[in-house]
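Visitor: Only the shape, not the letters, is given here:
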């Protein structure tokens, strides 16, 4: 099969021929049909994550969609399944036992601890297999598995009531999925983003207002924010967030920000605010969100590229030349067989 590998931090991906993996007990072999390109893939490829040298070469990709072609489990051959970020977790860990395996300290991530879905075939643990509803198109399904799921689970951390005001900070792919989820759940939606193109896209998708980060007065005039989800990877937005929230606000931090922010205990106490972190989502979150998305399709633009253009896709992402989400499409010309590979 063909698979794309990052041989060292900063290197372009190399597409090469490697053996099709063989599923062990408790695994499916999945023929990949499409895979989204996520900013996390770009961060890993550029070496912006502190990974040890021995994890390379990396086969990236964690927004994969494909069909089961081999392996034993409850799902039949041909079932369309998800190949998301969360590959496996320790079944005995406290977070996993609580149904929060995305916080398991021993979890494995697809594209880091296990081979990713930038490949024509991939393995899937049967206990982590989630079926994709027929109503969702394959190309649209990929980004739901990370970008959409992350937005879904972040809002799932909050006690949301219809009519509340949701502020989304950062209107890239994740923010756009949050717009669709918020609107479908009856929230009024405002967006903050420095990019005029993304603000226009947010308005097209139904946001009530979309402003730059230097105009907090517009958010206060709009009515303030009851719920805030931050997708902007910078600590500079914290002052804006704390300056526009209403009493009893719920603030969910998703973007990976290393710098500390000033948190006033008196502000927290007097306002009764809740500040939470949120990371990707669980298997149950993914199942629930896929069914929700089937009923409420997001209007995020999907730009499809052939697998051979994976490096061009990463370059576009690095240049900010993506309005919605990028998805790779695979054209597999071989099928696995007991004797290796045979032509179709």
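Guide: That came through fine. On a predicted model such as this, the values are computed, not experimentally measured, just so you know.
Visitor: hang on, residue 229 in a helix?
Guide: No: if the criterion is DSSP: H, G, I helix; E, B strand; the rest coil, then residue 229 is strand and not within a helix.
Visitor: which residues does it form a beta bridge with?
Guide: Counting by DSSP bridges, residue 229 is bridged to residue 168, residue 252.
Visitor: what sits against residue 125?
Guide: Residues near residue 125 by C-beta atoms under 8 Å, 6 or more residues apart in numbering: 26, 27, 87, 88. Any C-beta I mention is one placed from the backbone N, CA and C, and that applies to glycine too.
Visitor: Quick check: it vs residue 30, distance?
Guide: Relative to residue 30, residue 125 is positioned 11 Å away (C-beta to C-beta, to the nearest Å).
Visitor: least trustworthy helix or strand in this protein by mean pLDDT?
Guide: Least confident element among the helices and strands of the chain, by mean pLDDT, DSSP states H and E: strand 340-343 (a mean of 33).
Visitor: wait, residue 262 sits on residue 235?
Guide: No: Residue 262 is not in contact with residue 235 according to C-beta atoms under 8 Å; the separation is 9.2 Å.
Visitor: Where does the record place the domain boundaries for this protein?
Guide: Domains of the chain are assigned by automatic domain parsing as 2-148+281-343, 158-277.
Visitor: Lowest average pLDDT across these?
Guide: When those are ranked by mean pLDDT, domain 2-148+281-343 comes last with a mean of 93.
Visitor: about what we covered before: pick out whichever of residue 262 and residue 235 has more residues nearby.
Guide: It is residue 235, of residue 262 and residue 235, that has more neighbours when counted by other C-beta atoms under 10 Å, with 14 against 9.
Visitor: coming back round to it: export the contacts of residue 125 to a markdown table and append columns for distance to residue 56.
Guide: Below are those laid out as a markdown table (distance: C-beta to C-beta, whole Å):
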| residue | distance to residue 56 |
| --- | --- |
| 26 | 27 |
| 27 | 24 |
| 87 | 18 |
| 88 | 21 |
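Visitor: could you flag which of those are buried?
Guide: By neighbour count, with 16 or more other C-beta atoms under 10 Å, the contacts of residue 125 hold 27, 87, 88 as buried.
Visitor: ok now do the second one, which residues does it touch?
Guide: Right, the one you point to is residue 87. Counted by C-beta under 8 Å, 6+ apart, residue 87 has contacts 107, 108, 109, 110, 113, 114, 125, 128.
Visitor: SS state for it?
Guide: Relying on three-state DSSP, one would call residue 87 strand.
Visitor: quick one, helices of this structure?
Guide: All helices of the chain, identified by DSSP state H, fall at 39-46, 94-97, 138-143, 149-156, 173-184, 196-204, 216-222, 238-244, 265-271, 283-295, 310-318.
Visitor: Can I get the ones you listed in CSV including mean neighbour count and distance to residue 71?
Guide: What follows is the helices of the chain, written out as CSV (neighbours: other C-beta atoms under 10 Å; distance: least, C-beta to C-beta, whole Å):
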stretch, mean neighbour count, distance to residue 71
helix 39-46, 20, 26
helix 94-97, 15, 22
helix 138-143, 24, 20
helix 149-156, 25, 24
helix 173-184, 26, 30
helix 196-204, 17, 40
helix 216-222, 15, 50
helix 238-244, 20, 46
helix 265-271, 10, 49
helix 283-295, 18, 18
helix 310-318, 18, 26
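Visitor: Which of those helices sits closest to residue 19?
Guide: helix 310-318 (20.0 Å; C-beta to C-beta).
Visitor: quick one: the top strand by length along the chain to helix 39-46, angle?
Guide: If you go by DSSP state E, the chain has its longest strand at strand 27-37. Using axes from the mean of the first three to the mean of the last three C-alpha atoms, to 10 degrees, the inter-axis angle of strand 27-37 relative to helix 39-46 is 90 degrees.
Visitor: State the paired neighbours of strand 27-37 in the sheet, together with their directions.
Guide: strand 64-71 (antiparallel), strand 121-125 (antiparallel), strand 325-329 (antiparallel).
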